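Participant: kindly return the folded structure for what I paste below:
(one chain, ligands or ions: 1)
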Amino acid sequence: MSGQPISSGLGLGGAAGRRRILIIEDEPDLVRGLRDALEFEGFEVLSSGLGREGVRLLRERGPDLVLLDLMLPDANGFSVCEEIRSTHPLVPVIMLTARSQETDKIRGLDVGADDYVTKPFSVGELVARINAIFRRLHRVVAPNEEIQIGAATIDPRKHELTRKGKVSALSFYEVELLRLLWERAGQPVTREEILEKIWGVSGHATTRSVDNFVVKLRKKIEENAAKPHHIITIYGTGYKLVL
Ligand code: CA
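Facilitator: Below you'll find the model as predicted:
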């Protein structure tokens, strides 16, 4: 593992890029149809036909929304949904199912699904539901909107952080990381997801670089970088922003 801070050369990441949708569904024809329609709508699409692999993709790739089949070869969609909820409480989940019984719908919503469609459904309707969920997500920050974190005000346009009258310059990546953490304030964001979304790289090789990067950022944003109150380390996982 490299201990070097991440610098240039890794490309601009996905934080300002396309929204990413994870499809966990084992019917190839349905996945193909959904992928085509969603890519046409401008979404990036990941997919898995297995519940376990889907959960791994969720952890590693940090999708913005999950389409989850209820009947998977290796898992029950309800339990997969519960698992998603326990680690990623705010990622929207839409359940896809052939069942139409009211009890299943209620159970799906009980385990934390945000919405529910019954097969066969129209792809157009599903896309409309996905867009509706994104519109009502509670935190969507415009690219140039100021972000307030504790006593610090971040101006993404000027790449500046002002705290108690002191102005610090922020790099592009620092602004993007603060924006990502801010959009997900109060919930853990994994190092892998940070790497993937901010730097556009996946894998575990350079997750320690994220730590080095956060150490520097804390010096700008925290009252005492050694005892952070805003960018909190979640041991073994990543970071959580406390506003
Ligand atoms: Ca199925």
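
Participant: tell me who's in contact with the residue in the chain that the ion sits nearest to.
Facilitator: Per Cβ to the ion, Met71 is where the chain lies closest to the ion, at 3.9 Å. Where C-beta positions appear, they are placed from N, C-alpha and C, glycine not excepted. Counting by Cβ atoms under 8 Å, 6 or more residues apart in numbering, Met71 touches 26, 77, 97-98.

Participant: restrict the residues you listed to contacts with the ion.
Facilitator: Applying Cβ under 5 Å from the ion, the subset of these adjacent to the ion comprises Asp26.

Participant: tell me which of the contacts of Met71 fall in strands.
Facilitator: Using DSSP state E, the members of the contacts of Met71 that fall in strands are Thr97.

Participant: most neighbours among the contacts of Met71, which one?
Facilitator: Gly77 (24 neighbours; other Cβ atoms under 10 Å).

Participant: contact residues of the protein facing the ion?
Facilitator: Residues of the chain lying close to the ion by Cβ under 5 Å from the ion are 26, 69, 71.

Participant: 8 Å instead?
Facilitator: Counting by Cβ under 8 Å from the ion, the positions of the chain adjacent to the ion are 25-27, 69-73, 98.

Participant: closest to Arg18 out of the residues you listed?
Facilitator: Proximity of the residues of the chain next to the ion to Arg18 (Cβ to Cβ) peaks at Glu25, which lies at 20.1 Å.

Participant: residues in contact with the residue nearest to the closest one when sequence neighbours are not counted?
Facilitator: Nearest in space to Glu25, with sequence neighbours left out and distances taken as Cβ to Cβ, 6 or more residues apart in numbering, is Asp69 at 4.2 Å. For Asp69, the contacting residues are 24-27, 77, 95-97, by Cβ under 8 Å, 6+ apart.

Participant: what residues does the residue nearest the centre of the chain make contact with?
Facilitator: When Cα atoms, centre = their mean is applied to the chain, the residue found nearest the centroid is Gly62 (4.2 Å). Residues in contact with Gly62 (Cβ under 8 Å, 6+ apart) are 20, 189-190, 192-193, 196-197.

Participant: ok, now how distant is it from Ile194?
Facilitator: Gly62 sits 8 Å away from Ile194, going by Cβ to Cβ, to the nearest Å.

Participant: before we move on, back to that, run through the bridge partners of the residue nearest to Glu25.
Facilitator: Asp69 has these beta-bridge partners by DSSP bridges: Leu96.

Participant: local confidence estimate at it?
Facilitator: Note on Asp69: pLDDT of 94.

Participant: Val189 versus the residue nearest to the centre of the chain, what's the distance?
Facilitator: Gly62 sits 8 Å away from Val189, going by Cβ to Cβ.

Participant: what comes up buried for the helix or strand of the chain with the lowest mean pLDDT?
Facilitator: Sorted by mean pLDDT, DSSP states H and E, the helices and strands of the chain end with helix 102-110, the least confident at a mean of 72. Using 16 or more other Cβ atoms under 10 Å as the test for burial, helix 102-110 gives 104-105, 107-108.

Participant: nearest to Asn212 among those?
Facilitator: Using Cβ to Cβ, the shortest approach to Asn212 within those belongs to Gly108, at 41.6 Å.
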